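Student: below is the structure, and that's it, no one-letter string:
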């Protein structure tokens, strides 16, 4: 089965045709994946290289925290992707909240309300599991609301910053 996957700004075509093997943009990878529970890191073995990641699904998007970086991932099967392209709805421009991918402590709020941000800009530094995690904007826009302050404790899925269109500010 083929899937079109968008990771931040990049699109990848992924084909799964055999167990323990995937094809990403034409390149074959041997994989083994284990995810015991939603609150524990997932274990991924790619071509004998071990990677650990926290994976969480929200509203059809997957948040993947790996090696201190947060990736926003959208996965669609080939048919759904083609339909979305035809409707021009993939990656809509509605208001977007940057949410906490896990419980933690806000170390640094890097933006203020009314500030213009670009897709990929750092907006929050979150400490969780003794690691500093840089949370980034997944769209261009204006910071409409900052929901937290430095030193706040946050829960998983808690909104931290809302980003919208400049005319809404």
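Tutor: Noted; the coordinates are in hand. Only a predicted model underlies this, so the values are computations on that prediction, with no experimental measurement involved.

Student: quick one, domains of this protein?
Tutor: Per automatic domain parsing, the structural domains of the chain span 2-87, 96-164.

Student: check for me that residue 5 belongs to a strand.
Tutor: Yes - per DSSP: H, G, I helix; E, B strand; the rest coil, residue 5 lies within a strand segment.

Student: measure it to residue 58 for me?
Tutor: 16 Å (C-beta to C-beta, to the nearest Å). Glycine gets a C-beta too; all of them are placed from N, C-alpha and C.

Student: what about the two, which has more around it?
Tutor: For the pair residue 5 and residue 58, the greater number of neighbours falls to residue 5 (16 against 13), based on other C-beta atoms under 10 Å.

Student: my guess is the more buried one meets residue 14, correct?
Tutor: Yes - between residue 5 and residue 14 there is a contact at 5.4 Å, judged by C-beta atoms under 8 Å.

Student: pick out the residue nearest the middle of this structure.
Tutor: When C-alpha atoms, centre = their mean is applied to the chain, the residue found nearest the centroid is residue 72 (1.9 Å).
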